[in-house]
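J.: Structure for this input, please:
(2 chains)
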There are 2 protein chains.
Amino acid sequence: MIRRYRFGTMIPTDSVVQSIEISGENPPFWQGGPTRLTYRMQPEDVVYGLGENLRGINKRGWHYVSSCADQPIQTEEVLSLYGAHNFLLIDGREQRFGVFFDYAGRIEYDVGYTDIDELCVLPADENYEMYVITGDSCRDIVRQLRRLTGRSYIPPKWAFGYGQSRWGYRNADDVRQVVRSYRENGIPLDSVYLDIDYMQDYIDFTVNKSRFPDLAALAAEMKEQHVRLVPIIDAGVKIEPGNETYEQGRENGYFCKDEQGNDFVGAVWPGLVHFPDFLNRDARRWFGRRYQVLLDQGIEGFWNDMNEPAIFYTPERLMQAVHSVAALDDPDIAMDKYFSVKNQLGTLINAPEDYAKIRHRMDGETVEHEKVHNLFGYNMTRAAGEAFEEKYPDKRILLFSRASCIGMHRYGGIWYGDNRSWWDHLRLNLKMLASVNMCGFLYSGADIGGFGADTTEDLLLRWLALGIFSPLMRNHSSMGTRPQEAYRFTRKQDFANLIGIRYGLVPYLYSEFMKAVLTDDMLFRPLAFDYPGDEHAPQVESQLMFGEGVMIAPVMEQNADGRYVYLPERMKLIRMRSTSDYEEQVLEAGHHYVRAALNEVIFFIRPGCVVPLADAAQCVEEIDTEHLRLLHFAESGTAEYRMYDDDGYTRDYEDPANIRVLRVTV
Amino acid sequence: MIRRYRFGTMIPTDSVVQSIEISGENPPFWQGGPTRLTYRMQPEDVVYGLGENLRGINKRGWHYVSSCADQPIQTEEVLSLYGAHNFLLIDGREQRFGVFFDYAGRIEYDVGYTDIDELCVLPADENYEMYVITGDSCRDIVRQLRRLTGRSYIPPKWAFGYGQSRWGYRNADDVRQVVRSYRENGIPLDSVYLDIDYMQDYIDFTVNKSRFPDLAALAAEMKEQHVRLVPIIDAGVKIEPGNETYEQGRENGYFCKDEQGNDFVGAVWPGLVHFPDFLNRDARRWFGRRYQVLLDQGIEGFWNDMNEPAIFYTPERLMQAVHSVAALDDPDIAMDKYFSVKNQLGTLINAPEDYAKIRHRMDGETVEHEKVHNLFGYNMTRAAGEAFEEKYPDKRILLFSRASCIGMHRYGGIWYGDNRSWWDHLRLNLKMLASVNMCGFLYSGADIGGFGADTTEDLLLRWLALGIFSPLMRNHSSMGTRPQEAYRFTRKQDFANLIGIRYGLVPYLYSEFMKAVLTDDMLFRPLAFDYPGDEHAPQVESQLMFGEGVMIAPVMEQNADGRYVYLPERMKLIRMRSTSDYEEQVLEAGHHYVRAALNEVIFFIRPGCVVPLADAAQCVEEIDTEHLRLLHFAESGTAEYRMYDDDGYTRDYEDPANIRVLRVTV
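T.: Residues are numbered from 1 along each chain as shown, chains lettered A, B, ... in the order given. Sure thing, here's the model as predicted:
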C-alpha cells in the first residue's frame, strides 16, 4: 500500500507516473517535521536503498547526501556519488516499510552516523512529497515503488554483449585495432565505446575529421563485424561561433542562465561552455533531436556524461583564484595561509558557489538550480530518450547516463561513474547492482577493471567474473592508466572463456532482465529479499540473487583461491571454466568455503530451477538460442523455465510468442 | 643460513649488526643483474614482507616502491607508505627463502604486477648488499633476519596502556578535560599525546607558554593521575633568529645542504625550515641531546613525525608555480593547459625535484639525498634513541617514528602514519601488524579509529577490538574530523569494557612482546607461519597468531554480527564482553561463522596453551599481576605459561626473576 504525503509546494520532478491521493502531512513511522524526519532503529533493522552509493547494501553506519556529484575518488568517506536515489527500505522485525522522497533538491540521510540507532532524513527545504510504502515483503515494497515510478528502460539486445571502452582511442585505426585484437584472440565483443576523443574539440554532435574521417563508414564496417560504436555525449556545449548546437541554443534561449539572466558559463572538456536547460521542455526536445546527427551516421547507442553537471571552473572564480595565488609574493608564509590560497584552485571544481548561480526555466518560471540539481542528468537523458521514442517508436536505442535520479530509469540505464581499479570497487560494484535495482535502474553496471588507476590481470579476471552477470558489461579505463583490454594480458584464453560464459548466459540474463522489467521486479536482490525468515541472510553483502534461479558469489579478494558462501537453502554449485567445461556439486544449506580459481566462475542454482546455457559466441547476434543446454537443480520430476526472448530491437514486449517453456525431466 | 652478496659500493646504512662474510655477486634463486633481479613464481607461492605497506599479507598482484613517503591517502593504488622495509620472504612448495636488500635508495618491487607470475626487484642503482636467507621455516628465516639486524626496541611498560591523541588539543585545559572525561567514564587511559599544537610556532623543543604555561607542572599533575604526556617532534627546524635549535644547527653546520652548499630550505608546519642532517654523526648526536629540553620537564616519551622528510614546498618552486598560475590571464583556455598549470601547485608537496637538491655529509663525504632517502627518519629516531641510551642507560623512554627503515627498529617503534577512518584501514591495520613484525618493528600500531575523515561509533568499537592486541594502542585523529575520544559516543560502558579487556590482557601481551623481542621472534604471525603444512592457512588475511597461545580474528566489516574464522586446529573460542564477563567454547578445526556483537571481543586459545588475564584497571601501573585468572585450553593434565614480567622501565631484561611459571592442572 502506498500513501502519499505533501509538504509545502513541490517543484515537479516527473518521477512518479501513478496518481495517488494525498493522505496528508503526517507520514506514519516518522517523527519530526519535514526538514528533519527521524526514525528510531532497532539494532537488527536493516536499511536498504539509496541506489548508487557508497558502503554496504545495508546502509547503516554512515551518512549520505543525495546530490548528483562528479566524484571519481570513491572512498568510504564520500557522501555523494553521481546518482540521487531517494528511496529507503527499512526492514525490521517489527516494522517494514519503504519511503520515497519525491524531491529534486539536496537530502541528507543520517543512517545511524550521528546516533548509531537513529535514522534521520534532512531535506534542504520543506517542499516535497513523500510516499510511504508498506507491503508483504521487501520485494513487494520495491515492486510498488517501481509501479509508482514507471517501467524501467529496455536496451537493444546487443547491448547485453561485452563492450570495450577507453578514454584514449584516438582515431579510427585505434578502434579497428581493438576490434581486430578481440577477434584474433577469440574474445567475444559487441561494442566499442567512443570517449571524448572522437569529437572535434570536444564539441557535442561533431566528429573530428582528421581522426575519424568517415564515422558512418566506420560504423558500417564495424557493424559488419557485429560491433556497434557507442559515442559519448557531454552536457556542456562549447561556446564557439559555428558550433551549430551552440548557435541554435543561444538563438532560442535554450541554455541555463546565470543570476543576471545571461547564459551561464562554465568550463569543462571543450573549454568554456553553456549548459542546455534540460528542465525547459522546449530545450529538452531540441537537444534530444540533436542526437540525430549521429543516428544518421549509423550510431545506435549513446552514453551521456558530465551531466551532474560537472563544472571544472567558472571564469570569474578561476580569475579570483588566480589573483589570490598571484598575490603570494613571499614564500615565507604561515601554512594555514598557504593552504588556504592553494585550496582556492583545488576547490574550483564542482563548487556549490557556481551551482548557486545557475537558473532554469521550467514551464515559464525561473527556478534556482539548487532546487532542481538532481533533475539535470535525468532530463538530459530524458531529452534523448523522448526524441528516440518519437523518431523510432519501434526501435530500441542504447542509452545510459552518469548522473541520474529516480524517474530517469524510464529513459535510460546508468553506469556507476568513474570508479578505480580497486578490489574495493569490485566489491562495491556488486553491492550497487542490488541497490540501484531497487530504484528502477535495471540496465546498469560499473566500469569493469576500474576506470582510474592501474588494473592488474587478476583484478580484471575477477571483475569479469562478476561482470558476466551485469546487464551493462563494459570494460572502461582512463587515459594514463595501464591498458586493460582483455587481450593485453598473459592468460588470453582464460579471458576468452570467461567472457564466453557471459554469452552462454545471455539467454538467461536477457530473459530474467526482461521479466524483471515487465513485472517491475528486481534482477539482482539481496539474499534477505528471497529468504525473509533467514537469520543470516541480512548479513550477506557479497552475494546476490540473480534472476529467479541463480545466486552469485564472485571471489572479490586478491590472491584468494575461493571464498566463503552462505547458502540459505540447499543449492547446486556450478563451477565453470567455459560454457563446455564445468562441474556441478550439490551443497547443503549453511556456510561453505568454495574454491574458485582465477579462470573459474562460480554460481548456484536454486532447487527446482533451470538455467538455459548457450554455447559461447563472438557476439550476441551469433548466440544460438535454439540449442540450449539446460543447467538445473531438479532432483526428481519436472522443472521448467519460462524463457523470454524477442527480436532484440523492437518494442513488442507483450507478444505471447516471446515466452518459451523449457522443460527438464529427471 | 644467511649468505651475503655485494654489488658496487654501498653507502653504509648501519641496518645490519652481524658480520657475515661476502659470498660473491651471484645470489641463488635470482635471475638478472643487480638493477633488475627476477624470480619466477609458482602459482601457489606466497610472497611475504615489505613491512609497512598497502594490500595483503601476501604481497602478490601489485608493485611497491621502497621510498619513505608522506602519504595520507592510502588507497589500493598507492606505491609507497612511510616506511621502506626491504625484506621479502618467498614461501613456495619448492623453494623458501628470504631476501634483505641493504640499501638506502629507491627500490621497486613488482610482485606479479607486470607479469602475474614474475617477481621483479628494481633497485635504483647497483650499489647495495643483499642477504639471502634460507631456513627450516618462515619463522626461522625471520628470526635470522632479525638477528642480522639487531634486537628490536623495547618501550617502557606504561606504553602498553591505551593512549589518546588528537591534532587539536589546543591547551593544558583541553588535555585536562580529556583525562577527566576518561576517568569520569571509567575508561582506562595511560597517555595523552601532544600534537604540534603544544609548540611555540611549531618550533621543536619549545612550548607555547600561553597555551601550556607550565608543561613540567602539567606533566607532573598528569603523572599523578597515571597519565603520561607524549609530545611530537618534527624533523624541520624553523628558520628564526632566537630559535636555539636553529641557531645551534646553523652555527655548527648541522643542517642538510642544497646543491650550492647552502642550508637547504623547505616549508613545513613552522613555515620555512632547515632539516638537521641526521646522517651526519655529529648532527645526530646534537639533535638527540636536544630532546633533553623536554625530558627535563618530566616528559618520558616522544613521537617523531614528518621525517620522510615531508616537504610542503620549497620557496623557489612555489614562486615558479605562483608565476605560472599568475600568467593565466584568460579563463578561456584548453583544459590540458588549465590542468597542467593547476597541477603545478598540487605537485609542490614532497616533490622528487626538491629531494634531488638535498645533500648530506656522511663521514666527511657529500652524499645526494636520493641515495640515502630511506635513512632519514631512521636516523632522526636513532639520534633520539642513542641520546636516551647515553643519558639514561637504565631507563626506557617511549619513542616511535613515522618514517622508518630496517635498522631503525633497534631505536624505536613506528605508527603506520596518517590513515583514515575507513573500514578498509582497519583491515590494513591487521595485515601490517604481521608484516612489520617480520621487519623488526614489534612496538607498532595504527591510529585507532582513523586519523583522517570522520569515524563512526561502530568503526571505533571494532577498531578497538583489534587495537587491544596492538602493542602501540593509540586513538588519534586529525583536526577537522569528528571528535573520537572513546567517551564521545553513546555506548560508553562498552568502550570502558573493551579497553578494560586490553588492560586484562597486558600481562600476556607484555610477556609475549618481551619474549618475542628477546628471541628475535614475531609477536604477530600469519597463520601459515605456525601451520606450515596447512593448505588453507596461506589464504588467511584477516586473522593472526598473537604470541604463542592466541589467534585473533576481529570483526572488520561494517554492520556484521560476526565473521568467518578458519581454525587450522581445534581451539577454544573466548567471547569476552569484559574481563569478568566472557564465555568459552571449543571449536573443531575448519571453517566457522563466529558471532561477535559490537561490545564483544573474540579470540582463540590454542591447545595446551594458557593465557593469563588480569582484572581491568584504569592504567598499567594499577594492573594486579599477582592475581591472574588463567584462561586456557588444556583438556587434561597440566599446562603452563612462562610469563615474562619486569619492573617495566629498567633494561635488566635477562634477569631470571623476570620469568614466572603459571600452571593449570585439569
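J.: Quick check: the gap between whichever residue of the stretch 451-600 of chain A sits closest to chain B and A:Val325.
T.: Going by CB to the nearest CB, chain B is nearest to A:Ala453 of the stretch 451-600 of chain A, at 4.0 Å. From N, CA and C alone the C-beta is placed, and that goes for glycine too. A:Ala453 sits 29 Å away from A:Val325, going by CB to CB, to the nearest Å.
J.: Would you mind telling me which of these two has the busier surroundings?
T.: Between A:Ala453 and A:Val325, counted using other CB atoms under 10 Å in any protein chain shown, A:Val325 has the larger neighbour count: 23 against 19.
J.: just checking, what packs against the helix or strand that contains A:Gln144?
T.: With elements taken from DSSP states H and E, the one containing A:Gln144 is helix A:138-149. Here helix A:138-149 touches strand A:87-91, strand A:96-102, strand A:128-133, helix A:423-438, helix A:527-530, going by 3 or more CB pairs under 8 Å, 6 or more residues apart in numbering or on different chains; DSSP states H and E.
J.: so the residue in the stretch 151-300 of chain A positioned nearest to chain B, which of the three states?
T.: Residue nearest to chain B within the stretch 151-300 of chain A (CB to the nearest CB): A:Leu272, separated by 5.2 Å. Under DSSP: H, G, I helix; E, B strand; the rest coil, the three-state class of A:Leu272 is strand.
J.: Could you do A:Asn497 as well?
T.: Here A:Asn497 is recorded as helix under three-state DSSP.
J.: where's the spatially closest residue to it that is not a sequence neighbour relative to A:Gln493, distance?
T.: Among residues not flanking A:Asn497 along the chain, A:Ser578 sits closest, at 4.0 Å (CB to CB, 6 or more residues apart in numbering or on different chains). According to CB to CB, A:Ser578 and A:Gln493 sit 9 Å apart.
J.: about what we covered before: identify the residues contacting the residue nearest to A:Asn497.
T.: Contact partners of A:Ser578, counting by CB atoms under 8 Å, 6 or more residues apart in numbering or on different chains, are A:Asn497, A:Gly500, A:Ile501, A:Ala616.
J.: Ranking by neighbours, what's the top pick from those?
T.: Within the contacts of A:Ser578, neighbour counts (other CB under 10 Å) peak at A:Gly500, which reaches 26 neighbours.
J.: quick one: that one and A:Arg577 touch, right?
T.: No: with contact taken as CB atoms under 8 Å, A:Gly500 and A:Arg577 are classed as non-touching, separated by 9.9 Å.
J.: so what's the residue lying closest to A:Gly480 once chain neighbours are set aside up against?
T.: The spatial neighbour of A:Gly480 that comes closest, neighbours along the chain excluded (CB to CB, 6+ apart), is A:Gly168 at 7.9 Å. Residues in contact with A:Gly168, defined by CB under 8 Å, 6+ apart, are A:Asp174, A:Asp195, A:Asp197, A:Ser478, A:Met479, A:Gly480.
J.: Within the helices and strands, which one has A:Gly168?
T.: Using DSSP H and E, A:Gly168 is not contained in any helix or strand.
J.: From B:Gly467, how far out is it?
T.: 44 Å.
J.: Up against chain B, what does the stretch 51-200 of chain A have?
T.: Counting by CB under 8 Å from any CB of the partner chain, the stretch 51-200 of chain A comes close to chain B at A:55-56, A:58, A:60-62, A:73, A:75-77, A:112-113, A:115-117.
J.: what bridges to A:Met571?
T.: Note on A:Met571: beta-bridge partners by DSSP bridges are A:Leu587.
J.: wouldn't A:Gly236 be in contact with A:Val268 here?
T.: Yes: A:Gly236 lies in contact with A:Val268 (CB under 8 Å); the separation is 4.3 Å.
J.: any residues in contact with both of the two?
T.: Contact criterion CB under 8 Å, 6+ apart; residues shared by A:Gly236 and A:Val268: A:Met306, A:Pro309.
J.: if we can go back for a sec, quick check: the two most widely separated of the residues of the stretch 51-200 of chain A next to chain B?
T.: With distances taken as CB to CB, the most widely separated pair in those is A:Ile73 and A:Asp117, at 30.5 Å.
J.: These two: who's more crowded?
T.: Taking other CB under 10 Å, A:Ile73 and A:Asp117 do not tie; A:Asp117 has more neighbours (15 against 12).
J.: So what's the residue count around A:Glu654?
T.: Counted with other CB under 10 Å, residues neighbouring A:Glu654 total 8.
J.: Quick check: it vs chain B, distance?
T.: Per CB to the nearest CB, to the nearest Å, A:Glu654 is found 41 Å from chain B.
J.: So that residue: helix, strand or coil?
T.: Judged by three-state DSSP, the three-state class of A:Glu654 is coil.
J.: dump the residue contacts of it.
T.: Counting by CB under 8 Å, 6+ apart, A:Glu654 has contacts A:Leu518.
J.: Next one: it from B:Leu498, what distance?
T.: For A:Glu654, the distance to B:Leu498 equals 59 Å [CB to CB].
J.: Same question for A:Ser324.
T.: Computed as CB to CB, the A:Ser324 to B:Leu498 distance reads 47 Å.
J.: out of those two, which sits in the busier spot?
T.: Between A:Ser324 and B:Leu498, counted using other CB under 10 Å, B:Leu498 has the larger neighbour count: 29 against 15.
J.: A:Leu119 belongs to a strand?
T.: Yes: assessed with three-state DSSP, A:Leu119 lies in a strand.
J.: What is the neighbour count of it?
T.: 24.
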